[in-house]
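1. Give me a model of this one.
(one chain, ligands or ions: 1)
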Amino acid sequence: MADAAFWDSRYAGGDYAYGEAPNAFLASLDYAPGGRALVPGDGEGRNGVYLAERGLKVETLDLSAEGVAKARRLASARGVAVEARQADVLTWDWPIAAYDVIALIYLHLPAPQRRLLHTRALAALKPGGRIVLEAFTPAQLEKQAEGAKGGPREAALLYSAEDLRADFAGAEIDLLQEIEAEMREGALHVGASAVVRLVARKV
Ligand SMILES: C[S@@+](CC[C@H](N)C(=O)[O-])C[C@H]1O[C@@H](n2cnc3c(N)ncnc32)[C@H](O)[C@@H]1O
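-> Okay, here's the model as predicted:
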């Protein structure tokens, strides 16, 4: 699994690796202003900043100190408050029933850690709160071979709809689909890509 040093070196330049605009799926959904949002693995902060601009109270977590510093800079440049913390989502002290939205955007972990993260995230939602998740599927390996940029190159880190249905079996699944999306997120997510999208609601 990639560690903090890997992500620090990825984020070391001035550019935002995945751009400054939010993930398109995250941005396609409605959010009630004033709600609390958590964005684990927010990298350089584009998605946390977006949710703050939509009027949510946002906390973000990331392994990378470089990413967290850039997330704070992006929030400041855009004039919004984001509480950005350097933390490992696997050891962080997750609150219970605290959030209205938890956004998991391309946070790829091996299966045992993925299940643990998803269990913690569900417990951290208020009743009625939503998990919004997008991740690359195993079909992305073929897309990479065809020239698409983005996603882990190890099958064990890629997520299927079936994985997510099992992980969120205790929630209402509002949306779960594997699709091909045309990606234009900074320099590192580019081209026709195979992703899975999920909206799961805590009951
Ligand atoms: C592919 S990047 C995506 C960043 C961001 N979600 C986005 O879409 O722009 C994956 C991010 O997950 C973070 N990450 C990976 N494992 C993590 C962990 N155990 N705890 C916290 N962050 C983690 C990395 O540091 C990296 O910033």
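2. Any stretches of this protein with poor pLDDT?
-> The chain contains residues with pLDDT under 70 at 1-2.
3. Swap in 50 and give it another go.
-> 1 (pLDDT under 50).
4. Show me which residues of it sit near the ligand.
-> Taking Cβ under 6 Å from any ligand atom as the contact definition, the chain meets the ligand at 7, 18, 23, 41-43, 46-47, 61-64, 67, 88-90, 105-107. For glycine as for every other residue, the C-beta is placed from the backbone atoms N, C-alpha and C.
5. Point out the ones among the residues you listed that are inside helices.
-> Secondary structure assignment (DSSP state H) places 7, 46, 47, 67 from the residues of the chain next to the ligand within helices.
6. The residue lying closest to residue 50 once chain neighbours are set aside: neighbouring residues, count only.
-> Closest residue to residue 50 apart from its sequence neighbours, by Cβ to Cβ, 6 or more residues apart in numbering: residue 22 at 3.5 Å. When neighbours are defined as other Cβ atoms under 10 Å, residue 22 has 21 of them.
7. got it, and the one 5 residues further on?
-> When counting by other Cβ under 10 Å, one arrives at 14 neighbours for residue 27.
8. and what of residue 37?
-> A count of neighbours around residue 37, defined by other Cβ under 10 Å, yields 25.
9. That one and residue 101 touch, don't they?
-> Yes: with contacts defined as Cβ atoms under 8 Å, residue 37 counts as touching residue 101 at a distance of 4.3 Å.
10. From residue 202, how far off is the residue nearest to residue 50?
-> Look at residue 22 and residue 202: by Cβ to Cβ, to the nearest Å, they are 23 Å apart.
11. try residue 192
-> For residue 192, the distance to residue 202 - Cβ to Cβ - is 33 Å.
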